[in-house]
Structure formats: structure tokens, C-alpha cells
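**Student:** Next come a sequence and a model predicted from it.
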Amino acid sequence: MLPNIDYSELPRALQHMLERGQTVKTLPRRSFLKLAGATGLALGAFPHIALADPAAGGKAASSLKPTQQPSAFVQIAGNGEVTVTINRLEFGQGVHTALPMILAEELDADWSLVRSRHGTNDAAYVDPLFGIHLTGGSHSIKNSFSQYRELGARARAMLLGAAAARWKVDVATLRTQAGTVLGPGGRKLGYGELAEAAMAQPVPEKVTLKDPKDFRIIGRPTPRLDARAKSSGRQDFGIDMRLPGQLTAVVARPPVFGARLAAMEDAATRAVKGVRAVLRVPLDGGAEGVAVVADGYWQATQGRDALKLTWDTAKVEKVDSERQLVQYRELAGRPGPRKFDADMAPLATAPRQLEAEFVFPYLAHAAMEPLNCTVALTEGRAELWVGSQCAGLDAGAAARVLNLKPEQVTVHVQMAGGGFGRRFSSTSDTVVEACEIAKAARAAGLNAPVRTLWSREDDMRGGFYRPMHLHRARVGFDEGGNVLAWDHVIVGQSITTGSVFEQFQVKNGIDGTATEGMRDPYPLPMRLTVHHPRLNVPVLWWRSVGSTHTAFVMETLLDEIARATQQDPVAYRMRMFGDKHLRHRDALQLAVDKSGYGKTRLAEGRAWGVAVHESFDSVVAYVVEASVKDGRPVLHRVTAGVHCNLAVNPRTVEAQVQGAAVTGLSMCLPGSAITLKDGVVEQSNFDGYTVARITDMPEFNVHIVPSAEPPTGMGEPGLPPLAPAFANAIARLTGKPLRQLPFKLA
Amino acid sequence: MKLIVNNREVTIDADPAMPLLWALRDLIGLTGTKFGCGAAQCGACTVHMDGEAIRSCITPVSDAEGKKLTTIEAATDGTDRVGAAVHAAWIKHDVAQCGYCQSGQIMSAIALLKSLPSGQQPTADSIDAAMAGNICRCGTYVRIRAAVADAARTLA
């Protein structure tokens, strides 16, 4: 959902963040705990006791960072319940279960007593490597694996220390077993009984971690901690926030990005029962809108429908998809900055030639829970409840709007109904808008919390799309399928320009997120030219980012070369992986073995399709079976081979691969495109913008390559290879390559 | 206006045109029923009216007056045999990812199983047909299929 980030650039990234003043100072532990209590979190009959509470006499190790202090992450109740605070947003990917699994492993907790909850914008909950609050880039498990292990080990050491003190024995004589400390002579104390005394223990700096072969929680297929609540309507999401006296706001937005209001007539709106205020508010990108604040969502929308608005669209750019494609084609022919610069001389003499153009449309994230943010303002304080992928940046943005210091803003991260990148925008648009409305409502005399809620139409027409892209390739190869020269051009808006990632993603005028997934790991002599036109359509990372288009281009073109030179597409790829890219080989081989590829005879009218792609440090290979029915491509069966190193929760990895593949499948379906006509987005709901339904779903099997190496991300890597594997199968049937998404059969 | 929600009579003061969804969520406080599209496109708002699955986001509250309404909260509280079986299967198969659409999915699944003659198992196609109106953007469809079929088996 976020770009792959070059770790060597981290210090600069951090510096950039600090300069913007967007990091949030650590709240004093006491106030944090009180705050946690005040939000009504009560997970058991007993009060939760934080480990190493300084006020209780414990010593927080001053050499440790907030991200390393167990007090912010582990709470143990008297009855032994362990509550783990996650430093990420749970929006389907399973961190609400996997992060507690990692911590519980080293804590040696009784898994049946482990609970999970979201954090805030407190400095403890930043990504330990990036130094900012961040859920994205499939980084949650990868970057917090060691962190959560160490947190668990520190808490365990403190519990052991407390038991040793109570029994007056050497700590070396003690051991732990599933939430219990065991001592000499059959002595036994539950963690709950020791928690209070453990608080007075010093926080150890160095801890010894388990040998992975001794893991009893990590690596076991584990049911999600939120499964029960999410199967009974009892799971609250941001949209379900209900504070006393809370009002709901909806916004009338301009029909064209960036437009402002010329005239407004709101008498009819003010007459709608339940409408409390009509407020002109600034919107993202210099636009202006009208917020209708009412008792509930329905009254607010009734009020919005009654507005008579005239928009000034004369001076704003009006993007039109058809004109845009013409412009992109023209740009593709021009010289531009180069990402790779291999010698293109062999193109002229190559015995075989291939020319191709690919077109990818804008795509909306279309998460099922519409965007929302609830804001409560009091003198000198703001509290926000929002499903945020970037609580610290959102808090900083809120502080700027509200004229507060960052430490005067608390963001309570809420369970979110999907996101796919949309709950982290570089301008914090959703949060800024909600704060502008809350501020204006307060100025208008409404002393109440305000929940700003987007309609589906607001969301789908609201921009922040995966950008439209044009790719052009000219490839010269020989009869053996060896590529002699590959001249490639990408045209598309940059998503990180203007964001916090620009400094270390945009180099030499090229946004690295537009080219990720190009060429590597294949040893290809490539020249890659990139153009980033500037348009006023807001664009954003979208699940698997650049690989949403680069994987399609690479994997279909290589398949075409294999077909043109009568080579098996698996053997062709394996040859190029050589002995250097073993994870690619292993993932592909596993998918091949489990699918029956090359052994099973397919039903009449079906063909195999293959694709492999690495993104976010994990490799996913698909072997699929597809056919064409009534002129429409149909996907029947998918076998996945996955390499994500150690799979913390294999059951979640399976779900993430299936889910990401469904989003990849959606991209192929007719109607999966956002288009603009004279500046106006043409789609507004699921009738105009196709997403995959159960009737589109193939039979699906996921297989994971066993590994004990530190885990890599799995939120996104299942997406990129699905569409090209499907397209390759269809091309085998029709003899014609598919070169645009959604699919269009010639 | 009087509604019968989850076997309890509730009196609300609402515009008759207000969609049932917003009466449930904003007036009655039953937030388990979700807002996804407001246009009967996604199924997140599915509830039962006189035993039939309906889209509460486009059903005026006046149409629901006097009808027996069941929402996800009551359907999965253990009092309904089919609801309990579907609820258990959803947990067993770990269907939910973000979970936002699952209230609607479960209500559609319960309606399907209740519509079958006693002892009859749903076919793969009938499961797909019954669930086609419910979008899951996380893509939990494989597990939804498995959970519905499993729930049906436990009821046989």
C-alpha cells in the first residue's frame, strides 16, 4: 500500500519528518494509561496493570526508545489476561493477531488469554525502523518482528525477576510455561499474580530470544483474535463511533477537482429537520466545499441534497481520459530521464522483434467502510477517532488545522473496514477536512463532537487513485528467447511527489514507485525512460503500488517471448532466475508441483497461465487455469506458491494471498476503471465501478515455502502476479496478447 | 413510528423516508448493520424483514413498520439455530479479514439456508447466487463458500 522504501535512506526520511514537526512527543506514561482507561477499554474484570510504570516505582530503561518499553505494549490483568497494543492499523491484514502472537511467543503467554487493541499517535507506536506511525508497504510484521519479540522477552524477564524476589531464589532456577512462572519445589505463580510486583522490576536492556525451533505460537495456523466480534456485528469500526451529543457532517464537493464555490443558497437545507449548521469549508487541493452538520447521516444528506450550489470551474484543469491517453502517447515518444540505460544498438539487428503498448486506468481503492473521522474539540485539546494508517502524520495535520501543538492532539486508531492505501494520504485529506468542519462547527456555536462521513459516491469520485499509466516496449531477442535489447517507456503521474516520501523516492526526476517491479530479477539489457505528467487528479499508493502495472507488463511480455520461441513458460523463467534467485525458483516450483502443471491434462477449452513477481520482499507465483466463455475470460483455478520467509500466521498468509488475488482479479474485469469526462469522474458507485464478486472467484489453493528466515511482508505481494497469469492463459487460448486492464478481447 | 427489531418493539421519531439502515444505526444504536454504498449495490446493510434478506440502505423505514426485523446482533446471539450455525462456521473458517462486510454476508447466508427445504444442502452454484449481491473487497470469497457449505452440513 506504500512504496518499497530504500532502508539506506532512512535517516534522511526521519530528518525530513522532524523538520516538518510531525512527530508527536511521547505522552507521559501516566497520562497515557489514564487516557487508555478513559476510552472505556475494559477487557476483564480486573484493572489492567502496566509493566514498568514509573509512578509505581519501576525503572524504565533510559537507554531504550519508547518503541522498546514494554509498558506501552503489554498489560497484564490480575486474572492473567494479557492485552497487547498493536502499533499498526488493523484493516484486514491480520496484524491484530500476528503482532500479539509474536509478543506472546517470547512472553511465553497463555495464548487463550491474549487480547489485542489499537494504539494511538503516541511515540511508542511509530514503526521502529521508519520512525513514523505507518501501516503500509507490507512492513508491519517485517519491521516489528524483532521489536515485538524483544518486548515480550523484556516483560517475561520482569515477571521472572518478580517471582525470584518473592520466592527469594536465584532467577536462573525459574522457568515459564504458558503464562505461569515455575520455581523450585513445585512453586508456581500465574503472570496475573506477579504483574504488580513485576512493575517494580527494572526493564532489562538486553534480552535473549528463543531459538526459532522452540516457537510454539509463531508459525502455527492461528485463528484471528477478532474473528468472533467480526462474525456477530459486535466489532466497532471508526464509522460506529458514538459519543454523547455527536453530530454527523457530510460535504458537498465540487464536480471538478480543485474547484471553488461561486454561489450558495442554503435556505432549503437549513429548513431540513435535524440540520444544525451549513458551513463553507476548505477542501484538499485548494478546493472548497459545503459541510452540512446534522443530527444523523440521513438528515445531513437530505440537507446536502437541498443545497443550491454554483461552482467556479473556469480556472481549474479538467482532465479527460480520452485526451489524456493522446497526451500520454505523445509524451512516450519524447526523450526523458532514464532509470536504466542499457545499450540499444542490438535492437536494430535482433532477429526477432516485439513492440507493445499497455494502458492501465485510474483505480479507486473502494474500501468497504466509507472514509470517516470523528473529532471532539475542547479548549486546548483535540481527540480524533479514525482508522488511520499514519496516526502521527494525521495528528500533526490536525494540530496545524486546529492551531494546537501536536501533543495536544490524540488520535485513537480505530479498526478499519479495508483501506488498501487510502487511509494514508500525503495531505491527510480525510482528517484535515474533518478538523476543518469540527473547527467551523465550534465557531458556529455547536459544542459537540462531529463525525464527518463520506458517502460511497464521495469516496469513489474523490480522487487519490492508482494513477493511469501507459507503457511502451520494444524488445529485440534471438531464436533462443535471449533478450538482446529492451527499450521501455513508462508514462504516469508520480504518487510520491508532494508527499513525505518524495525526498527519497524521486531521484533524477523519476519516482521509484512507478518503476518498482521493472526488469528485476531478470537479467535483461533494458533502457527505461520515465515521464511524470502533472495533472490535478489526486493520485496515491494502492495495494502493491507500482507492481499493479509493472508486473503485468513484465510477466506478459516475457511469456510472449517464451511463446514466440516455443519455450515452456516455467522453464524459460527458471533459466533466467538461474541459481541466484532461489526464492523465486522455490515459489514457482511449489506452485507448479501443487497445480499439476505439465502433468495434468486440462479440460477442453482451458489453458495454463503462469506469472511470478516479487514485491515488498516476498515472492508469489501463480499457476492458473482459465478459459474464454461467451467471449469473456474466466478464471477457474489458481495455485499459489508463496515465499515470505517465516510465515508468522500461515492462516493469515493464506487469506492475504487469496484476498490480494481477488483485487488483482478485479483489475481484469470489465468496468474496473475510473475515467474522467471533461474533469468529472464518470463512476460513482459499485454499479459503475466493478469489483470482483463471489461469482468471479476461482478455486484457490495457497502453498507456502517453509523457511525460518525473518518474515517479509504479505499484505500486498499476492496481488501483482494474478492479472498477468490470467492474461497469459487467455493469450495461449486466443493467440493474442492482452495489453490493457481491464481485459479487452480483440 | 413503531418498529419490531429483534423481537422488541422500538418507538422512533423519524422521517418515513429515512432508510431503515439509518434508523437502525443512528436512532436505535444497532451499528452491526453496515453502510457500504447506499444504493443496494454491495449488501453490507443486509437485514431480514419478515425472514427475507433486504437491503436496509434503500428500504424506507415506513416500509418496515409493523414488520418483523432481525439484524446481525440477534441473528448471531445463539437464539436462532441457523444463525448460530452460520456464526460458528464463520469463526471456524476465519472468514473475516477487515470484517466490515461480514454482517451483510452472514445475513445473506442465513437467509439462503433458511430458504432451503429441510435437509436439502445448497449447491456450489446456489451459494454463489445467494451471495453474489454481497461485495467483500478483502476477497474472503473462498472461505465464505466453505463456511456456508459447512454451516449447511451442521444443520442437516
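**Tutor:** It's in.
**Student:** C-alpha from now on. contacts and neighbour counts both.
**Tutor:** Will do.
**Student:** ok now do the residue of chain A found nearest chain B, which residues does it touch?
**Tutor:** Going by Cα to the nearest Cα, chain B is nearest to A:Gly92 of chain A, at 3.4 Å. Listed by Cα atoms under 8 Å, 6 or more residues apart in numbering or on different chains, the contact partners of A:Gly92 are A:416-418, B:96-99, B:138.
**Student:** Break chain A into its domains for me.
**Tutor:** Domains of chain A are assigned by automatic domain parsing as A:7-231, A:238-315+A:371-453, A:333-363+A:464-734.
**Student:** right, and those domains - which one's nearest B:Ala85?
**Tutor:** Nearest to B:Ala85, of all the domains of chain A, is domain A:7-231, at 11.4 Å by Cα to Cα.
**Student:** picking that back up, can you tell me the element the residue of chain A closest to chain B falls in?
**Tutor:** Under the criterion DSSP states H and E, no helix or strand holds A:Gly92.
**Student:** what's the spacing between it and B:Ala109?
**Tutor:** 21 Å (Cα to Cα, to the nearest Å).
**Student:** residues from the stretch 601-746 of chain A in reach of chain B?
**Tutor:** A:655, A:658-663, A:685-687, A:691-695, A:697, A:699-700 (Cα under 8 Å from any Cα of the partner chain).
**Student:** hmm, back to that, top of the contacts of A:Gly92 by number of neighbours, please.
**Tutor:** B:Gly99 (31 neighbours; other Cα atoms under 10 Å in any protein chain shown).
**Student:** Contact partners for that residue?
**Tutor:** Counted by Cα under 8 Å, 6+ apart, B:Gly99 has contacts A:92, A:230-231, A:417.
**Student:** same thing but at 6 Å, please
**Tutor:** B:Gly99 makes contact with A:Lys230, according to Cα atoms under 6 Å, 6 or more residues apart in numbering or on different chains.
**Student:** Please report how far it lies from A:Gly233.
**Tutor:** 9 Å.
**Student:** now swap in A:Ala391 and tell me
**Tutor:** 26 Å.
**Student:** A:Ser112 too?
**Tutor:** 22 Å.
**Student:** Looking at chain B, what residue ends up closest to chain A?
**Tutor:** Closest point on chain B to chain A, by Cα to the nearest Cα, is B:Cys98, at 3.4 Å.
**Student:** And the pLDDT at that residue?
**Tutor:** If you check B:Cys98, the pLDDT there is 98.
**Student:** Please, which helix or strand holds it?
**Tutor:** Going by DSSP H and E, B:Cys98 is not in any helix or strand.
**Student:** Next: A:Ala611.
**Tutor:** strand A:606-615.
**Student:** Strand partners (parallel or antiparallel) of that strand?
**Tutor:** Strand A:606-615 pairs in its sheet with strand A:618-629 (antiparallel), by DSSP bridges.
**Student:** How far away from the center of its chain is the partner strand?
**Tutor:** 23 Å (Cα atoms, centre = their mean, to the nearest Å).
**Student:** got the CA positions of the helix or strand that it is followed by in PDB?
**Tutor:** As assigned by DSSP H and E, the chain's next helix or strand after strand A:618-629 is strand A:632-643. Extracted C-alpha coordinates of strand A:632-643, given in PDB (Å, rounded to 0.1, in the frame of the first residue of the first chain):
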ATOM      1  CA  ARG A 632     -15.400 -13.400 -21.700                       C
ATOM      2  CA  PRO A 633     -12.200 -14.500 -19.900                       C
ATOM      3  CA  VAL A 634     -13.000 -16.800 -17.000                       C
ATOM      4  CA  LEU A 635     -10.500 -17.800 -14.300                       C
ATOM      5  CA  HIS A 636     -11.200 -21.300 -12.900                       C
ATOM      6  CA  ARG A 637      -8.400 -22.300 -10.600                       C
ATOM      7  CA  VAL A 638      -5.400 -20.700  -9.000                       C
ATOM      8  CA  THR A 639      -2.500 -22.400  -7.300                       C
ATOM      9  CA  ALA A 640      -0.200 -20.100  -5.400                       C
ATOM     10  CA  GLY A 641       3.500 -20.700  -4.400                       C
ATOM     11  CA  VAL A 642       4.500 -18.200  -1.700                       C
ATOM     12  CA  HIS A 643       7.900 -17.200  -0.300                       C
END
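**Student:** Tell me the first helix or strand C-terminal of strand A:632-643.
**Tutor:** helix A:650-666.
**Student:** Need the contact partners of the helix or strand following that following helix.
**Tutor:** Downstream of helix A:650-666, the first helix or strand assigned by DSSP H and E is strand A:676-677. Identification of contacts with strand A:676-677 by Cα under 6 Å, 6+ apart yields A:320-321, A:682.
**Student:** Serialize these to CSV and add fields for secondary structure and neighbour count.
**Tutor:** Putting those into CSV (DSSP: H, G, I helix; E, B strand; the rest coil; neighbours: other Cα atoms under 10 Å in any protein chain shown) gives the following:
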residue, secondary structure, neighbour count
A:Asp320, coil, 15
A:Ser321, helix, 20
A:Glu682, coil, 16
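**Student:** how near is the residue sitting nearest the centre point of chain B to A:Gly94?
**Tutor:** In chain B, the residue lying closest to the centroid (Cα atoms, centre = their mean) is B:Met107, at 2.1 Å. Distance, B:Met107 to A:Gly94, by Cα to Cα: 23 Å.
**Student:** Kindly report the same for A:Val475.
**Tutor:** 41 Å.
**Student:** Next: A:Ser116.
**Tutor:** 11 Å.
**Student:** So which bits of the stretch 351-500 of chain A are right by chain B?
**Tutor:** Contact residues, the stretch 351-500 of chain A versus chain B (Cα under 6 Å from any Cα of the partner chain): A:368, A:417-418, A:456.
**Student:** let's see 7 Å
**Tutor:** A:367-370, A:416-418, A:456 (Cα under 7 Å from any Cα of the partner chain).
**Student:** check contacts around the residue nearest to A:Val375 when sequence neighbours are not counted.
**Tutor:** Excluding its sequence neighbours, the residue lying closest to A:Val375 (Cα to Cα, 6 or more residues apart in numbering or on different chains) is A:Leu384, at 4.6 Å. A:Leu384 makes contact with A:373-376, A:410-412, according to Cα atoms under 7 Å, 6 or more residues apart in numbering or on different chains.
**Student:** same thing with B:Val5?
**Tutor:** B:68-70.
**Student:** Any chance of TSV for the residues you listed, columns pLDDT, secondary structure and neighbour count?
**Tutor:** Formatted as TSV, these follow (pLDDT from 0 to 100; DSSP: H, G, I helix; E, B strand; the rest coil; neighbours: other Cα atoms under 10 Å in any protein chain shown):
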residue	pLDDT	secondary structure	neighbour count
B:Lys68	97	strand	18
B:Leu69	98	strand	22
B:Thr70	98	strand	22
